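Asker: Could you work out the structure for the sequence below:
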Amino acid sequence: MAEVKFLSNLNVDGNIDLNQGQLIDSRFQVVTADPSSGNFEGRMIYRSDIDAIKFYNGTAWEALSTTTGDITAVTAGNGLTGGGTSGGVTLAVNADGTTIEIVSDQVRAKTAAVSNGATTLVTGNHVYDYVDGLGYTTNTGTVTSVQLSAGNLIDIGGTNPITTSGTISINVDLSELTDMTQAMVATDEFVVLDASSQKRKAASEIPLSIFNNDANFSTTTGTVTSVGTTGSVNGITLTGTVTSSGSLTLGGTLAISNADWSGTDLSVANGGTGASTAAGARTNLGLGSLATLNSVTAAQIDANAVGASEIAANAVGASELNVSSNGTSGQVLTSDGDGTFSWTAKTVNTDVDVSEANLKARLAGLNSADTLYIGDSGDDTTVVIRGTLQVDGSTTTVNSETLTVNDNIIVLNNNITGTPTEDAGIEVERGTENNTALRYNETNDRWEFTNDGSTYFNIPVSAEYTNNVGDITAVTVTAGNGLTGGGSASSGAFSKTLNVGAGTGISVAADSVALSHLGLESLTDPNDDRIAFWDDSAGAFAWLDVGSNITISGTTISSTNTNTQLSKEQVQDYVGEMVSGNTETGITVTYDDANNELDFVVDTATASVIGRARVAAGDGIDVSVSSGVFTVSGETASTSNAGIVELATAGETLAGTSTTRAVTPASLAARSYRAAIGDGTATSIAVTHSLGTRDVIVQMYDASSFETVYAQVVRTDDSNVTIDFNSAPAANDIIVMVTKID
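Answerer: Now for the predicted structure:
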């Protein structure tokens, strides 16, 4: 059957029985590494990183190329050259000719004498000869004299040189360093011992914290000799003395009276208006009188004016919130909406109290470290998903024994968009026997099958049925008319011979069939135009004499007498015989030779013969005759009488209730609806058909390819349906048809 096009997901529950059908544009799951979970015996994958089809044998992944069968390629490895993909191949050792050489059938190291800059291999004997030639000796003993010379910043002490024994001291002499007259720059370096290792360090990379006294560094200059004071001002006290170390203490509470202000307004922070009295300051700050400060309302505090930084830790307790007690462990503070707070028990969600929003958020947060189970370990739970199931992972595993699919087409390689490169097919797991498979080979653009898991045969196309292209496993040749021989064969060369069954007058030579002894060759030349014919009475061929008034010119026979005249009687007899001898339908013709007349008689009409008949009234028809004129009129139709009917309106046709009106094509069209939908954006499209019922049939097809397509359809109400797609169809790409059913 033709291809079925789905615009939404196909949910398969059960086995897929193709009933010897084809898989078109299909492919295996494409991965770049062998899956480590969800594996089962017979699972198939395509490894795109190594271009190989692999299957899981129950314990490990194996590539099809590792199964038994013909070797498809030999590749030269490290140190080898050659190889190939067909026919006999040769591998050779790739010797560089300098360090490795090939002599006859041996691979051996190529050696040469030691020389400066040479790259050839040498033997121990070569090394010995070279060293010995330099004048070295094998003498052993004690060094008799060692002397060291002092360099910059280095002093040599002790016994120097050493002859038979002694000690040499090497010291760093920093006194030899000269003063730095310039300031250090970022590129200057220190030489330091870093965890006993000598290292260089740029000056710019040494942090200040590496020095023990960095906490006392400051950017000020000079020396503080003494800071000290004592006394109080308006309740604020300052005591203590600092010489080289120590601290000052600030204490007390600031209290400024009206008299201390001396009549001068004290400014308010952040640009507020100053005041010389406490009451004035409260007024300028909008705090009102002292009495109103004990009850500050929300209107008197700007939004976000008091935050965590304005309230010290633990500064506000339950008593300040007008709560009668501190509550108990696990309780939460709640408001009744009128300014009163109270302690209540915390609400805890249970298995039966899970909000839809919380459930969606929790499921959406699952990742690769989570496994979601539905049902217990008995594997006997039924899960029904009402709607479209979309699986976005890389692996979908079905462990059920039976897989049932309502659809009759399964699409493999569904995500291919460009030029196809991957083979696809179906493989049958056969346990301990070799697997069999049916696949489409993208390289050869051919369907193939294998019975042993390794050797593939082409499935013939129609053009190959008659030209013996492809592999034939058995042949039967049947001899037809005029042939003998043939037979059946199931092995060997599949060769059968057919022979021409020659009869009388036919001879068969090695490569020709010819007439033999029909007698034509025995006819003598008539020296005139004649026609050869078979004379059955004589049992031989003879010449036919054309007689008078007939001539033969080449391949044409012509009459030569153009003046022959027929009598009237002859013409009448000829015509009479022609007419009366012919069979006419519904009429009989008789030739009266005595009167030279033709008598025509019209037959009486029957159920099978056209002829003379009268008009009789049938069901729903009235017939009357007046002055030789037949009048035929129709009766009014009813449920028990055929007759004239009234045409139904579009509304009556849509209602489908009238029993006395006939439906016309125009009114019948009112019982269906057609529209083009799709805008390239929407995946859920509402279609208004206004047929007044949910009992409608909805069908869709592609506007360009005219293929029937399937998507999720919901009959929203009596006048509308909603169609959902996985991806938005292009503008007016889908034609939807809605038909009312009574």
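
Asker: where's the most centrally placed residue in the chain, which helix or strand?
Answerer: Geometric centre of the chain, nearest residue: residue 415, 2.7 Å, by CA atoms, centre = their mean. Counting by DSSP states H and E, there is no helix or strand that carries residue 415.

Asker: measure it to residue 396 for me?
Answerer: 13 Å (CB to CB, to the nearest Å). The way it works is simple: take the backbone N, C-alpha and C, and place the C-beta from them, glycine included.

Asker: Over to residue 107?
Answerer: For residue 107, the distance to residue 396 equals 53 Å [CB to CB].

Asker: ditto for residue 195
Answerer: Per CB to CB, residue 195 is found 57 Å from residue 396.

Asker: the more surrounded of the two?
Answerer: Higher neighbour count among residue 195 and residue 396: residue 396, with 9 against 5, using other CB atoms under 10 Å.

Asker: give me phi/psi at that one?
Answerer: Main-chain dihedrals, residue 396, degrees, to the nearest 10: phi -120, psi 120.

Asker: Next one: residue 346 from residue 422, what distance?
Answerer: 57 Å.

Asker: List the residues that contact residue 425.
Answerer: Residue 425 is in contact with 23, 26, 412, 437-440, 448, counting by CB atoms under 8 Å, 6 or more residues apart in numbering.

Asker: Compare the residues you listed and tell me which is most surrounded.
Answerer: Counting neighbours by other CB under 10 Å, residue 440 comes out on top of the contacts of residue 425 with 23 neighbours.

Asker: partners of that residue in the sheet?
Answerer: Bridge pairing for residue 440 (DSSP bridges) gives the partners residue 424, residue 447.

Asker: show me what contacts it?
Answerer: Residues in contact with residue 440, defined by CB under 8 Å, 6+ apart, are 23-24, 26, 423-425, 446-448.

Asker: Which of the residues you listed lies at the shortest distance from residue 525?
Answerer: Proximity of the contacts of residue 440 to residue 525 (CB to CB) peaks at residue 446, which lies at 63.6 Å.

Asker: could you pull out the helices for the stretch 51-200 of the chain?
Answerer: Assigned by DSSP state H, counting those that start in this stretch, the stretch 51-200 of the chain shows helices spanning 124-133.

Asker: Tell me where it has strands.
Answerer: 52-56, 61-63, 74-75, 80-84, 91-93, 100-103, 106-109, 154-158, 168-172, 189-194, 197-202 (DSSP state E, counting those that start in this stretch).

Asker: likewise the stretch 551-700 of the chain?
Answerer: Going by DSSP E, counting those that start in this stretch, the stretch 551-700 of the chain shows strands at 556-559, 587-592, 597-602, 621-626, 629-634, 646-647, 661-662, 672-677, 684-688, 696-702.

Asker: Which elements pack onto the first one?
Answerer: If you count contacts as 3 or more CB pairs under 8 Å, 6 or more residues apart in numbering; DSSP states H and E, strand 556-559 packs onto strand 550-553.

Asker: hey, C-alpha coordinates of the strand it packs on in CSV?
Answerer: The C-alpha trace of strand 550-553 is given here as CSV (Å, rounded to 0.1, in the frame of the first residue of the first chain):
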residue,chain,number,x,y,z
ILE,A,550,-8.3,-11.1,-63.1
THR,A,551,-4.7,-9.9,-63.3
ILE,A,552,-1.8,-10.1,-60.9
SER,A,553,0.7,-7.2,-61.0
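
Asker: ok, now which ones touch the residue lying closest to residue 190 once chain neighbours are set aside?
Answerer: In this structure, residue 190 finds its nearest non-sequential neighbour in residue 201, 5.0 Å apart by CB to CB, 6 or more residues apart in numbering. By CB under 8 Å, 6+ apart, residue 201 lies in contact with 189-192, 194.

Asker: still on that earlier bit, quickly check the contacts of residue 425 for the two that are furthest apart.
Answerer: The span of the contacts of residue 425, defined through CB to CB, is set by 412 and 448 at 14.9 Å.

Asker: what's across from residue 662 in the sheet?
Answerer: Assigned bridge partners for residue 662, using DSSP bridges, are residue 647.

Asker: ok, so what distance separates residue 431 from residue 437?
Answerer: Computed as CB to CB, the residue 431 to residue 437 distance reads 15 Å.

Asker: now the contacts of residue 440 in TSV, with distance to residue 500 and pLDDT?
Answerer: TSV is the format used below for the contacts of residue 440 (distance: CB to CB, whole Å; pLDDT from 0 to 100):
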residue	distance to residue 500	pLDDT
23	47	76
24	46	76
26	50	78
423	47	88
424	49	90
425	46	89
446	38	92
447	39	91
448	39	93
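
Asker: Which one of those residues is nearest to residue 463?
Answerer: residue 446 (12.3 Å).

Asker: contacting residues around that closest one?
Answerer: 440, 458-459.

Asker: 6 Å - rerun?
Answerer: Contact partners of residue 446, counting by CB atoms under 6 Å, 6 or more residues apart in numbering, are residue 458.

Asker: Any stretches of the stretch 51-200 of the chain with poor pLDDT?
Answerer: 65-72, 86-87, 136-144, 152-153, 174-176, 196 (pLDDT under 70).

Asker: If we use 50, what do you get?
Answerer: Low-confidence segments of the stretch 51-200 of the chain (pLDDT under 50): 66-67.

Asker: if I look at the residue nearest to residue 190, how far off is residue 568?
Answerer: According to CB to CB, residue 201 stands 147 Å off from residue 568.

Asker: still on that earlier bit, how about the strands of the stretch 51-200 of the chain in TSV, adding distance to residue 485?
Answerer: As requested, those are exported to TSV (distance: least, CB to CB, whole Å):
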stretch	distance to residue 485
strand 52-56	46
strand 61-63	49
strand 74-75	46
strand 80-84	44
strand 91-93	51
strand 100-103	61
strand 106-109	62
strand 154-158	114
strand 168-172	113
strand 189-194	102
strand 197-202	100
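
Asker: Phi, psi for residue 203 please.
Answerer: In terms of degrees, to the nearest 10, the main-chain angles of residue 203 are phi -60, psi -40.

Asker: For the residue nearest to residue 190, give its distance to residue 187.
Answerer: 12 Å.

Asker: Next: residue 393.
Answerer: Here the distance between residue 393 and residue 187 works out to 57 Å (CB to CB).

Asker: Identify the residues contacting stretch 722-738?
Answerer: 7-8, 673-687, 689, 696, 698-701, 703, 711-714, 716.

Asker: Kindly report the same for stretch 88-105.
Answerer: 74, 76, 79-83, 107, 110, 119, 121.

Asker: Let's see that with 7 Å instead.
Answerer: Here stretch 88-105 makes contact (CB atoms under 7 Å, 6 or more residues apart in numbering) with 74, 76, 79-83, 107-110, 119-121.

Asker: cool, and stretch 608-623?
Answerer: 585-586, 602-605, 630, 632-635, 637, 641-643.

Asker: what comes up buried for that stretch?
Answerer: residue 620 (16 or more other CB atoms under 10 Å).

Asker: Quote the end-to-end distance of it.
Answerer: 23 Å (CA to CA, to the nearest Å).

Asker: swap in stretch 513-530?
Answerer: For stretch 513-530, the end-to-end distance is 27 Å (CA to CA).

Asker: And stretch 38-45, by the same measure?
Answerer: Taking CA to CA, stretch 38-45 runs 13 Å from one end to the other.

Asker: Next, count neighbours for residue 435.
Answerer: 20.

Asker: Kindly confirm whether my reading is correct that it touches residue 449.
Answerer: No. Assessed by CB atoms under 7 Å, residue 435 is found out of contact with residue 449, at 11.9 Å.

Asker: Tell me where the model's unsure across the stretch 251-400 of the chain.
Answerer: For the stretch 251-400 of the chain, not a single residue meets the criterion pLDDT under 50.

Asker: again, 70 this time
Answerer: In the stretch 251-400 of the chain, residues with pLDDT under 70: 252-279, 281-282, 284-324, 337-339, 348-354.

Asker: how about the nearest residue to residue 42, chain neighbours excluded?
Answerer: residue 429 is the one closest to residue 42 (CB to CB, 6+ apart), at 3.6 Å.
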